[in-house]
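In: Let's see this in three dimensions:
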Amino acid sequence: MTEHIEELIHPRDILGVLDACARAWSPTHIRAYADVLVREGGYVQGDALEEAGHIGLIMTPRYLEPFVRCGGFEDLEALAAAIELDVRQSPTRPAIFVLGSGNTGLPLVINAVVGLVAGKTVFARPSRRNVDAIRTWLGVLDEVGGSEPVAQALRERIVLLELDHDSAEYGKALARLPVHQAYLWGGAEAIRETAAVLPPDVTRCCFGPRTGVLVIECAHWESLDDAAKREYARAVRDNLLRFDAALCSSPTLGIVIGERQRARAVLDELTAAIVPEPGERDRLARLPGANARRRDMRGWVSQGFSLHRGSEGSMVLLALGTLHDYHERNQYLPMGGTYHDTAGSLEL
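Out: Residues are numbered from 1 along each chain as shown. Modelled structure (predicted):
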């Protein structure tokens with residue numbers, strides 16, 4: 001087997017380079033990253049700036065070192081020994097593949113930097129919506145690499161693949177990748193088609209569209225003080241409008257534990273505590289099907305549901321019914337779209 005000992009870089013040195021990149025991640029880089037997300041990906045400006053701000057944190061040792069411990073290594077020396085063994089036993093440099101998602105570039109960056117610390121080459125396929133933002137991030141590594149040989153070596157270990165997931169070229173390229181692990185983020189179609197063309201012995205870790213459940217216990221809500229209720233309401237608003245606008249793992253089904261009238265009172269109080277966030281209508285406008293879903297929900301009142309709307313113009317809409325109401329509605333009314341059409345609204 002071919003040995004690659006001459007290419008080994010100690011994880012401590014890798015962390016040092018990434019920390020230098022984090023310190024170099026300036027307001028200019030943040031604005032450039034956010035601007036391309038807004039311009040080319042249709043991101044909301046506030047979300048884009050917040051994501052860009054996280055990029056610097058992701059490259060710091062205090063963020064990355066816990067991943068080392070989660071990997072079962074007591075310290076960086078143990079990780080360095082494992083990397084050396086991995087390199088000796090592999091006919092090619094150990095490598096991973098990362099499929100990025102369209103709604104955020106953070107998972108790709110996280111997988112990439114953790115992969116670098118673990119001594120891997122990273123083959124990454126960003127979404128067309130954020131590929132230029134990823135290039136902006138890599139630009140910092142290029143800048144640091146101008147005076148740092150280790151940074152230059154790390155930059156060479158990140159290879160961007162800019163191919164459509166439904167193209168023949170994409171399948172051919174992935175089938176030849178010398179990788180052992182693949183981290184797949186994004187839409188179900190992209191994950192499915194990517195997983196199908198990867199070499200059969202590659203371990204696939206899929207982080208596709210997921211769904212969560214909101215559980216509200218009436219007695220618990222009633223025990224909260226006003227500050228805690230406001231925080232709870234803010235979390236509901238963020239999950240239904242801010243985060244679910246990116247189709248993350250926000251709740252798409254809710255359960256209320258308590259008598260019906262008591263549950264209605266709780267939801268009235270909850271929605272009254274929701275403070276609207278600027279741009280809520282713009283968020284919903286990005287999602288085909290969201291407005292149709294809300295119109296459908298207004299018709300559920302005839303099937304026993306009660307509607308609870310956010311205060312002061314908030315776009316949050318909750319529909320509360322019993323299991324009997326749920327079955328009656330599905331029997332007499334057309335079924336709605338997929339659960340990813342529920343942004344801004346929730347059935348409980």
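
In: Can you show me the strands along the chain?
Out: Residue ranges of the strands in the chain, as given by DSSP state E, are 95-99, 121-125, 158-160, 181-185, 203-207, 212-217, 251-257, 306-309, 317-320, 345-347.

In: Residue 330 is nearest to which of those?
Out: Taking CB to CB as the criterion, strand 345-347 is the member of those that comes nearest to residue 330, at 11.0 Å. From N, CA and C alone the C-beta is placed, and that goes for glycine too.

In: And the contacts of that closest one?
Out: 214, 240, 251-254, 290, 293-294, 297, 305, 316-319, 321, 326 (CB atoms under 8 Å, 6 or more residues apart in numbering).

In: partner strands of it, parallel or antiparallel?
Out: strand 317-320 (parallel) (DSSP bridges).

In: pLDDT of the partner strand, averaged?
Out: Taken as a whole, strand 317-320 has an average pLDDT of 94.

In: coming back round to it: deepest-packed of the strands of the chain, please.
Out: Comparing the strands of the chain by mean neighbour count (mean count of other CB atoms under 10 Å), strand 95-99 ranks first with a mean of 26.

In: Please name the strands paired to that strand in the sheet, noting orientation.
Out: In the sheet, strand 95-99 lines up against strand 121-125 (parallel), strand 181-185 (parallel) (DSSP bridges).

In: and the ones you listed as CSV, adding mean pLDDT and distance to residue 278?
Out: Listed next are those as CSV, based on pLDDT from 0 to 100; distance: least, CB to CB, whole Å:
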stretch, mean pLDDT, distance to residue 278
strand 121-125, 96, 33
strand 181-185, 95, 28
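
In: So which of these is nearest residue 224?
Out: Closest to residue 224 of those, according to CB to CB: strand 181-185, at 34.8 Å.

In: Determine how far the last residue of stretch 270-277 lies from the first.
Out: Stretch 270-277 has an end-to-end distance of 16 Å (CA to CA, to the nearest Å).

In: how near is residue 270 to residue 238?
Out: For residue 270, the distance to residue 238 (CB to CB, to the nearest Å) stands at 14 Å.

In: no no, residue 25
Out: Distance, residue 25 to residue 238, using CB to CB: 25 Å.

In: Pretty sure residue 239 sits against residue 254.
Out: No - with contact taken as CB atoms under 8 Å, residue 239 and residue 254 are classed as non-touching, separated by 10.6 Å.

In: what residues are up against the nearest residue in space to residue 222 that is not next to it in sequence?
Out: The shortest distance from residue 222 to any residue that is not its chain neighbour, by CB to CB, 6 or more residues apart in numbering, is 7.3 Å, and that residue is residue 266. The contact partners of residue 266, taken as CB under 8 Å, 6+ apart, are 216, 218, 221-222, 256, 258.

In: from those residues, which is closest to residue 155?
Out: Distances from residue 155 to these, taken as CB to CB, are shortest for residue 216 (48.4 Å).
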